[in-house]
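[1] following is a predicted model, sequence given first.
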Amino acid sequence: MKKLSYSSSGVSIDKGNKFVSQIKNLIQKDKQLKRSDIGGFSGQFPLDSKIKKPILVGATDGVGTKIEIARMMKNYRTIGIDLVAMCVNDLIVDQAKPLFFLDYISTGKLDIEKASNIIKGIIDGCKKSNCSLLGGETAEHPDVEAKNKFDLAGFCVGIKSGINSYKPKLVKGDIIIGLRSSGLHSNGYSLVRKIIKVNNLKLTKKIDKNKTLGELLLEPTKIYVEPILELFSKKIIKTCAHITGGGITENLPRSLSKNIIANIDLGKMHVPKIFKFIKSYDISEKEMLRTFNCGYGMLLIINKNKIDKFQNTIKKFKLTYDKIGNLDYSIDQSKKIKFNGKINFNE
């Protein structure tokens, strides 16, 4: 009888060790990435002693079924950026500076080339976020996951000072500004995949100029760390909302205080072609607004007297934005957002 081993059961320790070695090499070769010691039992990160009463802020997220689009396109180079972006963009809403990131890759059978491309994307995301890749875990789960399938999770820790915390009051007349997204980011892909399947669509279909449907769907999530933290540090914005799963409908209210509601002028929204394409498959406007970011990755709330300061600060980051609404006072909190007009999906 053949002796059983961990390898014969579907888990290769040697392959895992080889992958860790590749990750170490990638990090050591990258002069821009903050250094971290990969391969130990845990990672260590010294806190800046200049920060008074430091508060650690944590966030975790994944990229959902965007993974399936990457698999269909055989392109795994950018979903690592998505993984980092989804975590750090949550942290900065709470004015926290990202410190370090960890990843978790779960797969039926480790494909080193595929996993390495994912890690390269994670490294790119960490560089854009000015944070350290502190460690991670890659797990083979034979018989639990298919050999060609995998899932991702990311974990990020940031820091902010507990001294003189900046918490300005939201008032009637404050302006809502939308920072444009780079596409769908990492939400709504189960609905998109359903549209593709039901309508037998090809990912090679040309949608926007020379970009195909697949290319537009794989566009990596925009990372807003530098501009948002600078806007907070200069006390230009009061608060912001990261527009993820649930769209504008579900995410903006999380940043609104009691007795404050948001008026959104749908006619002022700039909607990229990928959203217009999705909408054309009989998706209601209401469903679009509560599923996708509809063109805006971050919504910012600003005192109307600080618009000039905002414009002077944001222009160096080369971000495009639109004024899409304002705040109002209301005792009736049954609807935290009032959508006015209609989105022009046909322009």
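    Thanks, I have the structure now.
[2] residue contacts, the residue positioned nearest the centre of the chain?
    The chain has M86 as the residue nearest its centroid, 2.6 Å off, counting by C-alpha atoms, centre = their mean. For M86, the contacting residues are D61, G62, V63, G154, H185, S186, T221, T244, by C-beta atoms under 8 Å, 6 or more residues apart in numbering. Bear in mind the C-beta positions are built from the backbone N, C-alpha and C, glycine included.
[3] three-state assignment of the closest residue to A139 other than its chain neighbours?
    If the residues on either side of it in the chain are set aside, A139 comes closest to S106, at 5.0 Å by C-beta to C-beta, 6 or more residues apart in numbering. Here S106 is recorded as strand under DSSP: H, G, I helix; E, B strand; the rest coil.
[4] right, and S106 touches E145 too?
    Yes. Using C-beta atoms under 8 Å, S106 makes contact with E145 at a distance of 6.5 Å.
[5] overlap of the contact sets of those two?
    D151.
[6] give me the pLDDT for K147.
    Per-residue pLDDT puts K147 at 75.
[7] how near is it to S106?
    13 Å (C-beta to C-beta, to the nearest Å).
[8] cool, and K268?
    42 Å.
[9] neighbours around the nearest residue to I331 once chain neighbours are set aside, how many?
    Spatial nearest neighbour of I331, excluding adjacent residues (C-beta to C-beta, 6+ apart): N259 at 6.1 Å. Other residues lying near N259 total 13 when counted by other C-beta atoms under 10 Å.
[10] quick one, which of K147 and S106 is more surrounded?
    A count of neighbours by other C-beta under 10 Å puts S106 above the other of K147 and S106, at 16 against 13.
[11] bridged to the more buried one, which residues?
    A139, D151 (DSSP bridges).
[12] what ranges do the strands span in the protein?
    54-61, 97-107, 132-140, 150-161, 175-180, 206-208, 211-212, 237-242, 260-265, 296-302, 321-329, 337-340 (DSSP state E).
[13] elements contacting the third one?
    Which is strand 132-140. helix 13-29, strand 97-107, helix 112-129 (3 or more C-beta pairs under 8 Å, 6 or more residues apart in numbering; DSSP states H and E).
[14] repeat that for 6 Å
    strand 97-107 (3 or more C-beta pairs under 6 Å, 6 or more residues apart in numbering; DSSP states H and E).
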